[in-house]
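**Q** quick check, what structure comes out for this input:
(one chain, ligands or ions: 1)
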Amino acid sequence: MKQFKTESKRILDLMVNSIYTNKEIFLRELISNASDAIDKLKFISLTDTKVNSDFKIQITLNKEDRTLIIEDNGIGMTDKDLEKNLGTIAESGTLAFKKENAGQTDNELIGQFGVGFYSAFMVADKLEVYTKAYGSDKAFKWKSKGAEGYTISETDKDGYGTKIVLYLKADSDDFKYSDFLLEYKISSLIKEYSDYIRYPIMMLMTRSKKKEGTPDDKPEYEQVQELETLNSMVPLWKKPKSEVNDENLKEFYKNEFHDYQDPIKSVYAKIEGAVNYDTLLFVPSRAPFDYYSKDYKKGVKLYCNGVMIMEKCEQLIPDYFGFVKGIVDSSDLSLNISREILQQDRQVKAIAIGLEKKISSELKKMMEDDRENYEKLFAEFGLSIKFGVYAGFGMNKDKLKDFLMFYSSKKEKLVTLSEYVKEMQEGQNDIYYACGESYEKIKDLPQIEKARDKGYEILFFKDGVDEFVAKILIDYEGKKFKSVTDSDFSLDSETEKKELEEKSEELKDMLTAIKDCLGEKVKEVRLTSKLVNYPVCLTAGGDVSIEMEKVFNSMPNADGKVRAEKVLEISATHKVLDSLKNAFEKDKDHLKTYATVLYEQARLLEGLTIDDVTGFVNSINEIL
Ligand code: ADP
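**A** All right, here's what the predicted structure looks like:
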């Protein structure tokens, strides 16, 4: 008996004991796996005439031994494939799983991993998989009763393909598993979930038939069993648009992309132009657990005239829209196109351009007409768009800047840059922003007090990449981005500026003395008028902001060499100024103590750690 990987075991446990409401989706999952396996063999059949092209999926119901059997004549699996595909669940996601599983419901967890093959354990307590890979002369049997583990052994099997036997669980008060042995139940599930699967799904159906030879006016009936095709086999994207509604699209998405949640957006388009193609595009409602890791593979399924030629065609989707899933079917592509040729294929390039346009226009529409869902989308995938703005030295920034949203201090929700600029105050020339780890922390920054009191809207940058995005954008509609935590940020009028200058001049010696106390820690010490309640704040004097220092230093291989030039600003109106003056005049040692405490305090407010803990503690005690 082989063990499942540890995390797989836990997911399996979840699956087996799941109170998952849609247990029936196991059928959709297994059928779409079968269909995928046939797709793969069909592709081979284009160049290999030995493949029997009578493709089908067969379902058999067996009341006596309570089994439901799903069989396909697709590509099948070798023993190695079995090990790899059915011995591990979400291997690359284990880290994410460990990190994120706190506080989530079972359903949410299952959803994160996609339900897939293991969903069979929601209805069966034992599974057997018989499979023979195309081109191999050995068949294998995989057997498992769930979390304990599985075995793989050699077996006999006619023909290639895969047969899955589900031993249904015993009926309980909560659920009648034996319903899955009823012909009408299965046929209606197929109609509901798998109608458009392109290969016939066949099952023996019992029908009443008029007995031959009995008179028409006095007919006698008998029960006969006939093999019937349960699905219509028309791919959804080949149907006229008028026959496809949003529900169909949602169902299709869940089926095809193994998601248990509805997509947040579905698009069905038939595009005509230099290249003609049909496309179905979807935006998942949640980012896949590995979306922001290098394991994630973007791409859409590429079909040529109904034959799948590539499962994930990366070239069709730009990185920043990598969250879009979907299907493209074009009759203008060459069927025996190889992956290498695909890279430079003119038609493929034309489709990629068309898809990007389509996605952009749909997102724009969503932003305007369906803001709530756009915000949800942005919460999941906004980071992807931000990285897109930043990547390649901003080469795509103009295409993407209008999809950005940031949290507004004033509206207390996300706003676009265009909305921000429209509402700028008279005389305001720049777009104001402030950085921090969380909205709460930014709200408490001393530097933003005054700007907020004066009624200015400030964008809160909470993601590490945000400020880099602003720097790459440089401006929006001619309005530059300006951090309210920069040392040269000021909202003062000319007279106020003058007053501050005079006061600074007057206290020049004291400020120099404080700077001397702090040494290299700060570039400058100056008076400020931007604080209301706080005595001090730290601002950045050079090109590197304090937030950027944090981002750089949190990167792997950080050597701590990237440092913002810090300016200690002291409130010109705070009582603490009097104490400083006093100390400066009477007791220079005291001044050093004050300077240390104020400097470390400013660091803390900025979300930095204390530079010199012992020094800080000693200074505080001295004051006490
Ligand atoms: P997913 O289909 O999302 O990759 P599954 O857990 O459903 O995840 O399946 C895992 C893998 O097992 C599939 O990717 C496929 O390679 C293989 N597999 C499942 N069912 C079949 C089948 N009927 N024929 C061939 N391979 C299969």
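**Q** what's the closest non-adjacent residue to the residue nearest the centre of the chain?
**A** In the chain, the centroid-proximal residue (C-alpha atoms, centre = their mean) is residue 287; its distance is 2.0 Å. Ranked by C-beta to C-beta, 6 or more residues apart in numbering and with sequence neighbours excluded, the top spatial neighbour of residue 287 is residue 380, at 4.5 Å. The C-beta positions use only the backbone N, C-alpha and C, and glycine is treated the same way.
**Q** what of residue 604?
**A** residue 610 (6.7 Å).
**Q** tell me who's in contact with the one you found.
**A** Contact analysis of residue 610 by C-beta atoms under 8 Å, 6 or more residues apart in numbering lists 600, 603-604, 616.
**Q** which SSE is it in?
**A** Under DSSP states H and E, no helix or strand contains residue 610.
**Q** how much space separates residue 588 from the ligand?
**A** Residue 588 sits 71 Å away from the ligand, going by C-beta to the nearest ligand atom, to the nearest Å.
**Q** how far away is that residue from residue 612?
**A** 19 Å (C-beta to C-beta, to the nearest Å).
**Q** now residue 488
**A** From residue 488 to residue 612 the distance is 28 Å (C-beta to C-beta).
**Q** can you tell me the residue of the stretch 351-500 of the chain closest to the ligand?
**A** The minimum distance from the stretch 351-500 of the chain to the ligand, using C-beta to the nearest ligand atom, falls at residue 380 (19.8 Å).
**Q** ok, now the stretch 201-350 of the chain?
**A** residue 258 (4.4 Å).
**Q** what do you get for the stretch 501-624 of the chain?
**A** residue 556 (30.4 Å).
**Q** how about that residue, what does it touch?
**A** Residue 556 neighbours (C-beta under 8 Å, 6+ apart): none.
**Q** from the contact counts, what lies against whichever strand or helix holds the residue of the stretch 351-500 of the chain closest to the ligand?
**A** Assigned by DSSP H and E, residue 380 belongs to helix 371-394. Here helix 371-394 touches helix 346-369, helix 397-400, helix 466-473, going by 3 or more C-beta pairs under 8 Å, 6 or more residues apart in numbering; DSSP states H and E.
**Q** deepest-packed of those, please.
**A** helix 466-473 (a mean of 20; mean count of other C-beta atoms under 10 Å).
**Q** mean confidence for the next helix or strand after that helix?
**A** The helix or strand immediately downstream of helix 466-473 is strand 475-476, counting by DSSP H and E. In this model, strand 475-476 carries a mean pLDDT of 96.
**Q** what's the distance between strand 475-476 and the middle of its chain?
**A** Offset of strand 475-476 from its chain centre (C-alpha atoms, centre = their mean, to the nearest Å): 27 Å.
**Q** again, but for stretch 600-619
**A** Using C-alpha atoms, centre = their mean, the distance between the centre of stretch 600-619 and that of its chain works out at 37 Å.
**Q** number of nearby residues for residue 558?
**A** Residues lying near residue 558 (other C-beta atoms under 10 Å) number 12.
**Q** show me the shaky parts of this protein.
**A** Residues of the chain that meet the criterion pLDDT under 70 lie in 5-11, 14-21, 88-115, 334-344.
**Q** picking that back up, and the residue nearest to residue 604, how far from residue 292?
**A** Applying C-beta to C-beta to residue 610 and residue 292 gives a distance of 32 Å.
**Q** what is the end-to-end distance of stretch 530-549?
**A** 23 Å (C-alpha to C-alpha, to the nearest Å).
**Q** buried stuff in it?
**A** For stretch 530-549, the buried set under the neighbour-count rule, 16 or more other C-beta atoms under 10 Å, comprises 530-531, 534-541, 545-549.
**Q** and what of stretch 430-449?
**A** Across stretch 430-449, burial judged by 16+ other C-beta under 10 Å covers 431-436, 441-443, 445-449.
**Q** residue 178 reaches residue 168, doesn't it?
**A** Yes: judged on C-beta atoms under 8 Å, residue 178 makes contact with residue 168 at a distance of 6.6 Å.
**Q** what sits in contact with each of those two?
**A** residue 66.
**Q** so residue 124 sits right up against residue 170, yeah?
**A** No: using C-beta under 8 Å, residue 124 is not in contact with residue 170, being 10.9 Å away.
**Q** and the two? Which one has more around it.
**A** Higher neighbour count among residue 124 and residue 170: residue 124, with 25 against 9, using other C-beta under 10 Å.
**Q** which residue sits closest to the more buried one, ignoring its sequence neighbours?
**A** Nearest to residue 124 is residue 166, by C-beta to C-beta, 6+ apart, at 3.9 Å.
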